[in-house]
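Trainee: let me see the structure of the following:
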Amino acid sequence: MPMQPPRVRMRRELLRSRFFFSTGNAPSWNHLKTFLRSISFNASLFNAIADPSSSNSKPSDSDSIKPKTSLPVIDASSSNNKPIGLWPGMYHSPATQALWEARSTIFEKHSSVPSQSQLVAKTPSHGRTSIFYNFSSDYVLREQYRNPWNQIRMGKLVEDLDALAGTIAFKHSCNEDGTTRPLILVTASVDKMVLKRPILIDIDLTIGGAVTWVGRSSMEIQLELIQSTQGKADTSDSQALVANFTFVARDTATGKSALISQISPETEQERFLWEEAEQRNRLRKLKRAEYKHVQNGDTARISALLAEGRIFSDMPALANRDSILMKDTCLENSFICQPQQRNIHGRIFGGFLMRRAFELAFSTAYVFSGVAPHFLEVDHVDFFKPVDVGNFLRLKSCVLYTEHENLAEPRVNVEVVAHVTKPELRSSEVSNRFYFTFAVNPEAIEGGLRIRHVVPATEEEAVKVLERMDAEDS
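Mentor: Down below sits the predicted model:
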């Protein structure tokens, strides 16, 4: 076995040390001494590599006589010889990285061949794909998905869901023989990502899915997250989350919408899922018409929502202390989109945007309620415009409204809007809208915590609330 570089040895030792203390067993004194010696050695080794000329280490007489040996040179270069445009971003989860690497090899090989001239119907099983997370025995993997409350980091799973849905869409639309160029597939929307039961961090997890519906240039992919407990093999009992992603296809060369192979359901379940997706597609078109209707003025409902807001504006001392203005629940997060966050098409990865939006929404609900909330569902996500590397992105969040029908576990509905801001052009455009629902821990409510009602103060805010309430009721 070849000699490992000092940094690699140090990292392995530290990982082993962390694993040792995560087991929950009380270490013996001998184990503890070994661990401390290991830490001392690793710290010295790291300091020597980081700063070989440190003034803290005084050379002895023997050192001044001996010839100085140089430390091993660490090669930081990459073996990736692909054109930069074909590089996916870095620092994503292991699942996302593996999915992208599999996709990029196909995309790289066939990007210069002609587009498809004939479309062949495919079965849902053709593109079916799943990811397995070995949380029960892989400590390092588990640590990458752990949040501060020793629960699953939902934002990171959401990122993986988008990557998996994209891979399934790619497999369905790609010609296996490589005679035609692949399409550009982008996330258009996410409908009802519903958490059915808590996801545990120390139990193995599987995420799988397939294409359920295909339109002219769009398709819907349904994903389900399975986590078996106590040896149960029944999928219905083990299903922890269901999500529906809609993707649209664009021609690689022209950028125009491209036709997609139709789907041919084989089983009763696949036909049922197709009918459900067809109904969702009809509802989406209907909602667009209803949204225009609300904007044109549902004056009675808008006036009712604004009545309490006017008291806050005109007589704040007399306003209800169990309510709060919507504008006082807002948070914001701004950042420059970096090359490491791009997808295989060179645009900012949609899963990354969803993760950042989720984490801001969680923080908004946390600050609003005073306790860490737990995630219930992603109500809807819209992708209006692509986000490019170098864009200045502003994520703005607010609590739209709260639900108190279940007094023991009130719900908090949060909106996050992403703005692509271009200071040079004095422009700002909405690229995404995200809607999340969180629940407040019943134990906190039993302890006397009160969740306030959220009050809109402007007509624009009232319309947003009505739109989301109507979408939830439909």
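
Trainee: strands along the stretch 301-450 of the chain, start to end?
Mentor: Listed in chain order, the strands of the stretch 301-450 of the chain (DSSP state E, counting those that start in this stretch) span residues 323-325, 331-336, 374-383, 392-403, 411-422, 427-439.

Trainee: which one, of those, ends up nearest to Leu164?
Mentor: strand 374-383 (15.1 Å; CB to CB). C-beta here means a position set from N, CA and C on the backbone, and glycine is covered the same way.

Trainee: what's next to that closest one, contact-wise?
Mentor: Residues outside strand 374-383 that contact it (CB atoms under 8 Å, 6 or more residues apart in numbering): 154, 158, 186-195, 198, 243, 350, 354, 357-358, 362, 411, 413, 431-439, 441, 468, 471-472.

Trainee: filter those residues down to the buried ones.
Mentor: Using 16 or more other CB atoms under 10 Å as the burial test, the contacts of strand 374-383 include 154, 158, 186-191, 193, 195, 243, 350, 354, 357-358, 362, 411, 413, 431-439, 441, 468 as buried.

Trainee: including distance to Pro265 and mean pLDDT, could the strands of the stretch 301-450 of the chain go into a markdown table?
Mentor: Listed next are the strands of the stretch 301-450 of the chain as a markdown table, based on distance: least, CB to CB, whole Å; pLDDT from 0 to 100:
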| stretch | distance to Pro265 | mean pLDDT |
| --- | --- | --- |
| strand 323-325 | 48 | 94 |
| strand 331-336 | 42 | 97 |
| strand 374-383 | 25 | 94 |
| strand 392-403 | 36 | 97 |
| strand 411-422 | 34 | 97 |
| strand 427-439 | 30 | 96 |
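
Trainee: nearest to Asn147, of those?
Mentor: The nearest among the strands of the stretch 301-450 of the chain, by CB to CB, is strand 374-383 at 10.5 Å.

Trainee: distance from the closest one to the middle of the chain?
Mentor: From the chain centre to the centre of strand 374-383 is a distance of 11 Å (CA atoms, centre = their mean, to the nearest Å).

Trainee: surely Val463 is in a strand?
Mentor: No - counting by DSSP: H, G, I helix; E, B strand; the rest coil, Val463 is not part of a strand but helix.

Trainee: quick one: pLDDT of it?
Mentor: pLDDT for Val463: 90.

Trainee: what about it, how many residues close to it?
Mentor: Val463 has 19 neighbours, counted by other CB atoms under 10 Å.

Trainee: repeat that for Gly351.
Mentor: When neighbours are counted by other CB under 10 Å, Gly351 comes out with 26.

Trainee: now swap in Lys122 and tell me
Mentor: Applying other CB under 10 Å, I find that Lys122 has 18 neighbouring residues.

Trainee: tell me the domain boundaries of the chain?
Mentor: As recorded under automatic domain parsing, the domains making up the chain are 1-48, 90-290, 298-473.

Trainee: closest to Asp204 out of the strands of the stretch 301-450 of the chain?
Mentor: Per CB to CB, nearest to Asp204 of those: strand 374-383, 20.5 Å.

Trainee: report the contact partners of Val465.
Mentor: Leu305, Leu400, Tyr401, Pro456 are the contacts of Val465 under CB under 8 Å, 6+ apart.

Trainee: gap between it and Ser363?
Mentor: 21 Å (CB to CB, to the nearest Å).

Trainee: am I right that Leu141 sits in a strand?
Mentor: No - counting by three-state DSSP, Leu141 falls outside a strand, being helix.

Trainee: the chain should start at 54 in everything you say after this.
Mentor: New numbering, starting at 54: the last item is Leu194.

Trainee: report the contact partners of Ala222.
Mentor: Gly180, Leu238, Val264, Met272, Ile274, Phe298, Phe300.

Trainee: how about Met522, what does it touch?
Mentor: Tyr454.

Trainee: where does it fall, phi/psi-wise?
Mentor: phi -60, psi -40 (degrees, to the nearest 10).

Trainee: okay, it: pLDDT?
Mentor: Looking at Met522, the pLDDT reads 88.

Trainee: equivalent analysis for Ser107, please.
Mentor: Ser107 is given a pLDDT of 43.

Trainee: now Ile221
Mentor: At Ile221, pLDDT is 93.

Trainee: quick one: it from Trp202, how far?
Mentor: Following CB to CB, the distance that separates Ile221 from Trp202 is 31 Å.

Trainee: ok, now Glu499?
Mentor: In terms of CB to CB, Glu499 sits 19 Å off from Trp202.

Trainee: for the stretch 204-353 of the chain, which segments count as strands?
Mentor: Going by DSSP E, counting those that start in this stretch, the stretch 204-353 of the chain shows strands at 237-248, 258-267, 271-279, 292-303.

Trainee: of all those, which one is nearest Val424?
Mentor: Closest among these, using CB to CB: strand 237-248, at 18.0 Å.

Trainee: which strands border the closest one, and is each parallel or antiparallel?
Mentor: Strand 237-248 has these partner strands in its sheet, going by DSSP bridges: strand 292-303 (antiparallel), strand 427-436 (antiparallel).

Trainee: now do that strand against strand 480-492, angle only.
Mentor: Interaxial angle, strand 237-248 versus strand 480-492 (axes from the mean of the first three to the mean of the last three CA atoms, to 10 degrees): 30 degrees.

Trainee: got the CA positions of strand 237-248 in CSV?
Mentor: Output in CSV follows, covering the C-alpha atoms of strand 237-248 (Å, rounded to 0.1, in the frame of the first residue of the first chain):
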residue,chain,number,x,y,z
ILE,A,237,-31.8,20.9,-22.1
LEU,A,238,-34.2,20.1,-19.3
VAL,A,239,-35.0,22.8,-16.6
THR,A,240,-37.2,22.7,-13.6
ALA,A,241,-40.4,24.7,-14.3
SER,A,242,-42.3,24.1,-11.0
VAL,A,243,-42.8,21.9,-8.0
ASP,A,244,-46.3,21.0,-6.7
LYS,A,245,-47.1,19.7,-3.3
MET,A,246,-44.0,18.2,-1.8
VAL,A,247,-45.7,16.7,1.3
LEU,A,248,-44.0,15.3,4.3
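
Trainee: and the angle from it to strand 271-279?
Mentor: Using the same axes, to 10 degrees: strand 237-248 against strand 271-279 is 40 degrees.

Trainee: low-confidence ranges in the protein?
Mentor: 54-144, 157-171, 229-234, 283-289, 340-350, 527 (pLDDT under 70).

Trainee: could you pull out the helices for it?
Mentor: 59-75, 82-103, 114-118, 147-163, 177-180, 192-197, 207-226, 288-291, 321-348, 352-367, 403-422, 495-499, 512-526 (DSSP state H).

Trainee: pull the distance from the fifth one to the chain's centre.
Mentor: On the basis of CA atoms, centre = their mean, the separation between the geometric centre of helix 177-180 and that of its chain is 24 Å.
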